[in-house]
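> What would the 3D arrangement of this be:
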Amino acid sequence: PHPQPEREGTFHRGSGLNLTSGQYTAPIAGYYTFTATLHIVRGEQRRKGQPCSGNHLRVLICVQSLCQHNSNLETVSWLESGGDLFTTSVTGVLYLQAGQYASVFVDNTAGSPLIVQSGSDFSAILLGV
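Alright, predicted model coming up:
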């Protein structure tokens, strides 16, 4: 038997994913394929006259929250001036030791707040040891 979904539309099998913390903890050492797809809405735009700090968004999947020190997966999306809703994805393979976790990080340089919408997903699948 598989655990019941925490909410409607959620597929959750195995004990590694913590939906509260957003972390996937590897039950055994091995190679895992990770995918994160984020549906994002821009919040209030920056005021005129404010310096533009950037127009891109980095989405990373990092091991042990150490994005600078450990291997990680990364994608960069360039934000268009029009359109408030966009989707970005990152996918790839990482090696995790048993007990290590991976989680998704968003590095926002867009100058306005971003809101991750429902329907976004994060998954991990063991490929092999």
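> switch to C-alpha atoms for all contacts and neighbour counts from now on
Noted.
> Show the contacting residues for Ile40.
Leu85, Phe86, Thr87, Thr88, Leu114, Ile115, Val116, Gln117 (Cα atoms under 8 Å, 6 or more residues apart in numbering).
> If you could redo that for Asp107, that was the one I meant.
Leu57, Arg58, Val59.
> Ala124 is in contact with Thr33, correct?
Yes - here Thr33 reaches Ala124: they are 5.6 Å apart, a contact under Cα atoms under 8 Å.
> Which of the helices or strands spans Ala110?
Per DSSP states H and E: Ala110 is located in neither a helix nor a strand.
> Could you tell me how many residues sit around Gly16?
16 (other Cα atoms under 10 Å).
> Grab the nearest non-local neighbour of the residue nearest the centre of the chain.
Geometric centre of the chain, nearest residue: Val104, 3.2 Å, by Cα atoms, centre = their mean. The shortest distance from Val104 to any non-neighbouring residue, by Cα to Cα, 6 or more residues apart in numbering, is to Ile61 (4.5 Å).
> Any figure for the gap between that neighbour and Gly111?
22 Å (Cα to Cα, to the nearest Å).
> So which of the two has more stuff around it?
Comparing Ile61 with Gly111 by other Cα under 10 Å, the one with more neighbours is Ile61, at 26 against 19.
> how far away is the more buried one from Ile115?
18 Å.
> and what of Phe34?
Phe34 is 22 Å from Ile115, by Cα to Cα.
> Over to Phe86?
Phe86 is 11 Å from Ile115, by Cα to Cα.
> what about Gln64, how many neighbours?
19.
> I figured it was touching Tyr101, is that so?
Yes - using Cα under 8 Å, Gln64 makes contact with Tyr101 at a distance of 5.4 Å.
> Might you list the low-confidence residue ranges for the protein?
In the predicted model of the chain, residues 1-14, 44-54, 80-83 satisfy pLDDT under 70.
> Spell out, range by range, the strands that occur in it.
17-18, 23-25, 30-42, 56-63, 72-78, 85-96, 101-108, 114-116, 121-128 (DSSP state E).
> picking up where we left off before, wait, what's in contact with the residue nearest to the centre of the chain?
Gly22, Gln23, Ala36, Val59, Leu60, Ile61, Cys62, Phe122.
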